[in-house]
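S.K.: Pasted the sequence and its predicted model underneath.
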Amino acid sequence: MAGLAMSRRERLRAEATGQILEIALRQLTTEGPGAISLRGIAREMGMTPRAIYSYFATRDDLVTALIGQMSSALADALEAARDAAPADPEQRLLAWGQALRTWALANPQGFHLVYGDPIPGYQPPAGSGPLAEAALRICGGLNRLVAEASADLRRPATGDEEQQVADWSGFPPAYRERVRAEVPDLTPAVAARALRVWGRLHGLVTLEIHGHLGPVYTDPAALYRAETLDLVRDLGPTAGPAPVAPPAVDADA
């Protein structure tokens, strides 16, 4: 265990890195994506610009680290909820969906950072890395859950669905390779089904985060819960009782 302990220098660097990311997220929250500034963070921390560039060489590096941190936190929350649910594909998918909304309400700027408009001037890194790994955990996790639920519910693809996604030609090669590496037996029909599930969940969460649901519906938690139940039912007929969604989280709680 002693060999795993951080040195004082490593600990101080980790603490400073965390503080830099915290200030960057606050800049994003209070002033918008374009306000993230290494020099501004250096001033607030009492650092010289040269010192802060030893932590993040460029603004893009800082933004990448921040997006990676938020993506990993979301992936952790989704996986924890899934694993805590009963060992039933429907309940695991429902728990995953509820955790998405819960995390987004608790971290609206983080959600917007990961899934909102691109940050002006930001160029994401190519290839793999913590950010790509977190995105794959989220995407692959949903693909696996939808595949499990579809198999459990014995839902064959419809004729129209089979015609539209009879092969992988409609999916970009890089995406196809990533999701099939995560879920080797994934079929094109199930991959497309998972994208539709994501669209329905993400759409309602985004409307709520941006304040568009409140003026038209007073209980967004109930609306979201009904939608998650509906999308599970849409995966196919079940022989047992209808699934029960996890308790909803009120945005004002």
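M.R.: Now that the structure is in, tell me what you want to look at. Numbering: from 1, shown residues only.

S.K.: tell me the mean pLDDT for stretch 35-55?
M.R.: For stretch 35-55, mean pLDDT rounds to 92.

S.K.: contacts for that stretch?
M.R.: 13, 16-17, 19-20, 23-24, 27-28, 56, 58-59, 62-63, 66, 119 (Cβ atoms under 8 Å, 6 or more residues apart in numbering). For glycine as for every other residue, the C-beta is placed from the backbone atoms N, C-alpha and C.

S.K.: mind listing what's buried in it?
M.R.: Judged by neighbour count using 16 or more other Cβ atoms under 10 Å, the buried positions of stretch 35-55 are Ile36, Ser37, Leu38, Ile41, Ala42, Met47, Ile52, Tyr53, Tyr55.

S.K.: Between the two ends of that stretch, how far is it?
M.R.: Length of stretch 35-55, first residue to last, Cα to Cα, to the nearest Å: 19 Å.

S.K.: Could you do stretch 35-52 as well?
M.R.: For stretch 35-52, the end-to-end distance is 17 Å (Cα to Cα).

S.K.: swap in stretch 31-46?
M.R.: One end of stretch 31-46 to the other measures 21 Å (Cα to Cα).

S.K.: same check, this time on stretch 81-89
M.R.: Chord length of stretch 81-89, first to last residue, is 13 Å (Cα to Cα).

S.K.: before we move on, the earlier item: which one of the buried residues of stretch 35-55 is nearest to Gly203?
M.R.: Checking these against Gly203 with Cβ to Cβ, the nearest one is Ile36 at 27.1 Å.

S.K.: Give the other helices and strands that the lengthiest helix in the chain contacts.
M.R.: Criterion DSSP state H: the longest helix present in the chain is helix 59-84. Here helix 59-84 touches helix 8-31, helix 89-106, helix 108-115, helix 130-152, going by 3 or more Cβ pairs under 8 Å, 6 or more residues apart in numbering; DSSP states H and E.

S.K.: could you pull out the helices for the stretch 101-250 of the chain?
M.R.: In the stretch 101-250 of the chain, the helices defined using DSSP state H, counting those that start in this stretch lie at 108-115, 130-152, 159-164, 173-182, 188-209, 220-234.

S.K.: Save those helices as TSV, and put in mean neighbour count, mean pLDDT and distance to Ala84 too.
M.R.: Formatted as TSV, these follow (neighbours: other Cβ atoms under 10 Å; pLDDT from 0 to 100; distance: least, Cβ to Cβ, whole Å):
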stretch	mean neighbour count	mean pLDDT	distance to Ala84
helix 108-115	19	90	21
helix 130-152	20	85	14
helix 159-164	11	55	32
helix 173-182	14	86	21
helix 188-209	19	93	18
helix 220-234	18	93	16
